[in-house]
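Q: Quick one: sequence plus predicted model below, questions after.
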Amino acid sequence: MTDHLNHVTHPLVQHKLTLMRRKETSTAVFRQLLREISMLLAYEVTRGLPLTTERIETPVCGMDAPVLDGKKLALVSILRAGNGLLDGILELIPSARVGFVGLYRDEETLKPVEYYFKVPTELQDRLVIAVDPMLATGNSSVAAIDKLKQAGAKNIRFLCLLAAPEGIARMKEAHPDVPIVTAAVDEKLNDHGYIVPGLGDAGDRMFGTK
């Protein structure tokens, strides 16, 4: 994975995202769709993982078969909305280590404020996938990746549902070495820093809060 932006145009991803965007979609359905779409996006964000081989016996004969190489990867949720992406990814990669970065956006300045940070050990030897449904201004994502790099991470990918052009540009400027995998690149940000057309506040829609 070398491109800075990987826009996943798979028909199932696009269909499920449209259902999530609909304002009448219930919290329960939104959660289920998020779980399903995160599994599909996990398939893309883990493309190119290193492989080695091990000797196994099939019912017919022995063979050198491919298996994942290196330390177990780390999934890092940017709280709180990032947690919605974890379940689907962990369905595919149940042995992954999981970390959390707690950030909230100051509604006046739109700047991220950190309140929690707990990540797996030996990040320098792991692929780290940071997850957050929305890449809006990019400020929170940049701050989270700053922290991950300070903790030793060297191989980081960022996974989101929706990205705004402003957030993509901000991430590319701050972290050109971190590829972005997203299901959609939307039109713009509005005056409140929300993605347009977007899907509203992902955390509120996922957890049923306002």
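A: Yep, that arrived.
Q: How many neighbouring residues does Leu73 have?
A: Neighbouring residues of Leu73 were enumerated by other CB atoms under 10 Å; the total is 21. No exception for glycine: its C-beta is placed from N, CA and C like everyone else's.
Q: Which residues lie in contact with the residue lying closest to it once chain neighbours are set aside in this structure?
A: Of all residues not flanking Leu73 in the chain, Leu127 sits nearest, at 4.3 Å (CB to CB, 6 or more residues apart in numbering). Counting by CB atoms under 8 Å, 6 or more residues apart in numbering, Leu127 touches 46, 49, 70, 73-74, 155-157.
Q: ok, now Asp69?
A: Contact analysis of Asp69 by CB under 8 Å, 6+ apart lists 49-52.
Q: Could you do Lys147 as well?
A: Remark: with contacts taken as CB under 8 Å, 6+ apart, Lys147 is in contact with 101, 114, 117.
Q: Would you mind stating the distance between Leu34 and Ala74?
A: The spacing between Leu34 and Ala74, counted by CB to CB, to the nearest Å, is 21 Å.
Q: Got the phi and psi for the closest residue to Leu92 other than its chain neighbours?
A: Here the nearest residue to Leu92 in space, its sequence neighbours aside, is Ala42; by CB to CB, 6+ apart that works out to 5.0 Å. Taking degrees, to the nearest 10, you get phi -60, psi -40 for the backbone angles of Ala42.
Q: just checking, Ala42 touches Pro94?
A: No: counting by CB atoms under 8 Å, Pro94 is not a contact partner of Ala42; they are 11.6 Å apart.
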